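Participant: Give me coordinates for this.
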Amino acid sequence: MAASRAVVIGSGIGGLTAAAALHRSGWQVTVLERAPSLEPVGAGISLAPNAQRALDVIGLGDTVRSLAAWQGDGGMRTPSGRWLARTDSAAAARFKGPLVLLRRSALIELLRDRLPESAVRTGAPARLVDPGRAGGARAVVGTPSGDIEADLVVGADGIGSAVRTALFPGHPGPSYSGFTTWRVLAPPLGRAFASHETWGRAALWGSHPLKDGWVYSYAAAAAPAGARAADDEKVELLRRFGDWHDPVPAVIDAVEPGQVLRHDVHQMTDPLPAFHTGRTVLLGDAAHAMAPTLGQGGNQAIEDAVVLAHHVTPGADLGAAVAAYSADRQPRTTAIVRKAARISRMMQLSAAPAVALRAGLMSAASRLGPGLVLRTFDGIADWQPPRRTYAAGTREGQSARP
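Facilitator: As a prediction, the model looks like this:
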């Protein structure tokens, strides 16, 4: 009997994780990517314990932890350098695992290696011709080389998802959050520094050392939608953040011109009615685009992928399976989207009294104990996959640092 066929539209982290998880459970998988290569959009990614546990399910958790930098001491600062809150190993203890950071390209490569060579087709734009019927006709995906019939289609085509529009043409889609972001990878600075996220007036900056000594940094600032620097974005970063505390200016100075990524942030605060129609499902930004203020965008896409594969086992009642996937994922991701939006509004405070009050509250919360600060991630970082496969050599729900 031929294997059930799944077509994944989009080869980002969510799409490739879904493809790897489906392949692992017996699906014949084809990934269609419009771009000519699998070059990832972005610089680095932080993986919280919830995403690492999801990667454990497909056998990648240990490998990711061995390649990644483990975030330990650090915290939140003001642009002058004053510490508002300090972090330590309390987060790892609370959520039974650390926050780790690695290059997006490394994670993309690991996921790609979980698939047969012929499974990923680049330079292959795709459109949803027919979402199919769960109990009847197969879905149809159109490509320049012809139509493909599939038992399951996964729309993992990002914030501007054409699959989402085809499934829910009346939905408004993501809206502009009011701020833009920059991301960079800088070569080693030649000195150690603690990971930090620094909050200023309607702006923030984060710097985190990677395992190889390079630095992953990101910045955000309130700005009109579509605004771009008249010159290089590196110059724009210097204008906005060049007088902030060390190592911010040094990181900007170390970045090569033309290597700064800038993207406006859009978010799905108006949730979709479901994450599926017929034989077609949505995941990641296509389903629930969120502000990066909780660092959960990619993490939630990884969760989506593993939960989807858990439900749509070959031979299962597909209608019930995709409905169960929606029921599992929609309430959780909607709550996280809204929490991230609330935090982004706090970040965009610009009036001096409001910024001072925010700093005072952060400092007071830190003095009352790290547990108070970490409660923001309760119900997020402590998530467990529906079918738990734990890292080699560890006890249930725990991870051993290599």
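
Participant: For the rest of this, base every contact and every neighbour count on C-alpha atoms.
Facilitator: Will do.

Participant: so residue 374 makes contact with residue 91?
Facilitator: Yes. Using C-alpha atoms under 8 Å, residue 374 is in contact with residue 91, at 6.8 Å.

Participant: These two: who's more crowded?
Facilitator: Per other C-alpha atoms under 10 Å, whichever of residue 374 and residue 91 has more neighbours is residue 91, with 22 against 17.

Participant: quick one: buried residues of the lengthiest helix in the chain?
Facilitator: For the chain, the longest helix by residue count, based on DSSP state H, is helix 318-347. Across helix 318-347, burial judged by 16 or more other C-alpha atoms under 10 Å covers 318-319, 321-326, 328-330, 333-334, 336-341, 344, 346-347.

Participant: which residues touch the residue nearest the centre of the chain?
Facilitator: Nearest to the geometric centre of the chain sits residue 298, at 1.5 Å (C-alpha atoms, centre = their mean). Neighbour list for residue 298: 13-14, 45, 47, 284 [criterion: C-alpha atoms under 8 Å, 6 or more residues apart in numbering].

Participant: Just list the residues touching the closest residue in space to residue 337 that isn't next to it in sequence, thanks.
Facilitator: Once flanking residues are discounted, residue 337 sits nearest to residue 290: 5.0 Å by C-alpha to C-alpha, 6 or more residues apart in numbering. If you count contacts by C-alpha under 8 Å, 6+ apart, residue 290 has them with 266-269, 297, 336-337, 340-341.

Participant: And residue 200, its phi and psi?
Facilitator: When read as degrees, to the nearest 10, the backbone of residue 200 gives phi -120, psi -150.

Participant: give me the number of residues near it?
Facilitator: 22.

Participant: now residue 190
Facilitator: That count, for residue 190 with other C-alpha under 10 Å as the rule, works out to 8.

Participant: Is it in a helix, a strand, or coil?
Facilitator: Using DSSP: H, G, I helix; E, B strand; the rest coil, the structure places residue 190 in coil.

Participant: pLDDT wise, what is it at?
Facilitator: Looking at residue 190, its pLDDT stands at 93.

Participant: How about residue 375?
Facilitator: 76.

Participant: Could you verify that it is part of a strand?
Facilitator: No. Per three-state DSSP, residue 375 lies outside any strand segment and is helix.

Participant: From residue 76, how far out is it?
Facilitator: Remark: distance between residue 375 and residue 76 (C-alpha to C-alpha, to the nearest Å) = 16 Å.

Participant: who has more neighbours, these two?
Facilitator: residue 76 (22 against 12).

Participant: Check which helices and strands the strand or helix carrying the more buried one is in contact with.
Facilitator: Residue 76 is located in strand 74-77, with elements delineated by DSSP states H and E. Contact here means 3 or more C-alpha pairs under 8 Å, 6 or more residues apart in numbering; DSSP states H and E; on that basis strand 74-77 packs against strand 83-87, strand 195-200.

Participant: Check the ones you listed for me: which has the lowest mean pLDDT.
Facilitator: For the helices and strands packed on strand 74-77, mean pLDDT drops lowest on strand 83-87, to a mean of 87.

Participant: roughly how far out does whichever helix or strand comes after that strand sit from the chain middle?
Facilitator: Sequence order places helix 90-95 as the next helix or strand after strand 83-87, per DSSP H and E. Here helix 90-95 is found 20 Å from its chain centre; the criterion is C-alpha atoms, centre = their mean, to the nearest Å.
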